[in-house]
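Novice: Just need the structure, nothing else, for what follows:
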Amino acid sequence: MPPKAVGTVSTYHPSVGLSVLGPGGVFTDMPVLPPARGETVADLRAAADSIESFCRRLSPLLVGSLTLQCENRLVAEEIAQEALARAWERWDVVSLMSSPDGWTYRVAFNLAKSHYRRRQAEKRAMDRLESGDPGPSDLDP
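Specialist: Numbers count the residues shown, from 1 in each chain. Below is the predicted model of the structure:
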């Protein structure tokens with residue numbers, strides 16, 4: 001049996017969704033709405049929001065939620081744009097999920113967490129540099 005191409009759907013399970021072969025041959029479960037009787041995945045795709053209307057509808061809501069989380073509207077707008085760009089990149093899969101909004105919110109809040117972790121690490125590094133304390137790379141072996 002020839003290997004499957006990355007991104008191909010291998011199985012569908014009603015309680016889990018699609019099992020998609022990802023990079024490195026790892027399967028990823030992606031929850032989707034199960035088709036109703038007589039309804040095909042193509043029908044679901046046709047009924048899903050277009051990516052443009054999805055972004056127009058979700059963007060202000062996402063920015064508002066992230067502004068409360070980040071306490072900085074500019075950072076919130078940047079993170080929201082990145083989350084929506086990632087949804088756009090994967091729209092063929094995201095549009096079939098049971099909650100594309102939820103997926104996009106999760107991506108956005110994960111990006112916000114990463115942003116603040118990175119900022120904290122940068123601040124610690126700057127504090128070490130200003131105080132003259134040796135950093136991990138400055139220590140003798």
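Novice: tell me which residues in whichever strand or helix holds residue 129 are buried?
Specialist: In the assignment (DSSP states H and E), residue 129 maps to helix 100-131. With burial defined by 16 or more other Cβ atoms under 10 Å, the residues of helix 100-131 counted as buried are 100-101, 103-105, 107-109, 111-112, 115. In short, each C-beta sits where N, CA and C put it, glycine included.
Novice: Walking through this structure, point out its strands one by one.
Specialist: Counting by DSSP state E, the chain has strands at residues 9-13, 17-21, 27-30.
Novice: Could you break this structure into its assigned domains?
Specialist: Under the assignment automatic domain parsing, the domains of the chain span 1-32, 47-131.
Novice: Output those in CSV; the columns should cover mean pLDDT.
Specialist: Shown next, in CSV, are the domains of the chain (pLDDT from 0 to 100):
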stretch, mean pLDDT
domain 1-32, 44
domain 47-131, 91
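Novice: Confirm for me that residue 88 is in contact with residue 59.
Specialist: No - under the criterion of Cβ atoms under 8 Å, residue 88 makes no contact with residue 59, lying 11.7 Å away.
Novice: about what we covered before: tell me the most buried of the domains of the chain?
Specialist: Of the domains of the chain, the one with the most neighbours on average (mean count of other Cβ atoms under 10 Å) is domain 47-131, at a mean of 15.
Novice: ok, now how distant is residue 62 from residue 128?
Specialist: To residue 128, residue 62 is 35 Å away according to Cβ to Cβ, to the nearest Å.
Novice: contact partners of stretch 108-115?
Specialist: The set of residues external to stretch 108-115 that reach it, using Cβ atoms under 8 Å, 6 or more residues apart in numbering, is 62, 65-66, 69-70, 75-76, 79-80, 82-83.
Novice: let's go with 7 Å and repeat that
Specialist: 62, 66, 69-70, 75, 79-80, 82-83 (Cβ atoms under 7 Å, 6 or more residues apart in numbering).
Novice: Grab the two from those residues that are most spread out in space.
Specialist: The most widely separated members of the contacts of stretch 108-115, counting by Cβ to Cβ, are 69 and 82 (14.3 Å).
Novice: sorry, back to before: including distance to residue 132, could the contacts of stretch 108-115 go into a markdown table?
Specialist: Output for the contacts of stretch 108-115, formatted as a markdown table (distance: Cβ to Cβ, whole Å):
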| residue | distance to residue 132 |
| --- | --- |
| 62 | 42 |
| 66 | 37 |
| 69 | 35 |
| 70 | 32 |
| 75 | 31 |
| 79 | 34 |
| 80 | 40 |
| 82 | 36 |
| 83 | 40 |
